[in-house]
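Q: no sequence for this one, just the structure:
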């Protein structure tokens, strides 16, 4: 893979970073736009002109979004696990007596 140095701009400041290929460059561009947008939002809300303060507050906001998303993801995983357990229990009860039910297929996984 060919490493490539690209120049990005976040909050009006240029940065050079190394990327690996075309897809990474597109992804970095997407990340750059997101971070830049967050910093612009924080600058307006906080009325601060200190780029370091704005960067730290933007990082905290992004971290908050990440952890809230992770929490929702974990909750969905728990809900899916509970549903799978309930489905297994229903399947066992349905087929426990060995009877075959027309129009019902036993799940195979």
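A: Yep, that arrived. In this text, all values refer to a predicted model and were calculated from it rather than measured experimentally. Numbering: from 1, shown residues only.

Q: now do the helices in the protein.
A: 21-46, 51-95 (DSSP state H).

Q: now those as a markdown table including distance to residue 6 and mean pLDDT?
A: All C-beta atoms are positioned from the backbone trio N, CA, C, and that covers glycine. Converted to a markdown table, the helices of the chain look like this (distance: least, CB to CB, whole Å; pLDDT from 0 to 100):
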| stretch | distance to residue 6 | mean pLDDT |
| --- | --- | --- |
| helix 21-46 | 6 | 92 |
| helix 51-95 | 20 | 93 |
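
Q: what's the most buried one of those?
A: Of all the helices of the chain, helix 21-46 carries the top mean neighbour count, a mean of 14, counting by mean count of other CB atoms under 10 Å.

Q: and that one with helix 51-95, angle?
A: Interaxial angle, helix 21-46 versus helix 51-95 (axes from the mean of the first three to the mean of the last three CA atoms, to 10 degrees): 110 degrees.

Q: and helix 21-46, how far out from the chain middle?
A: 15 Å (CA atoms, centre = their mean, to the nearest Å).

Q: likewise stretch 13-24?
A: Worked out by CA atoms, centre = their mean, stretch 13-24 lies 21 Å from the chain centre.
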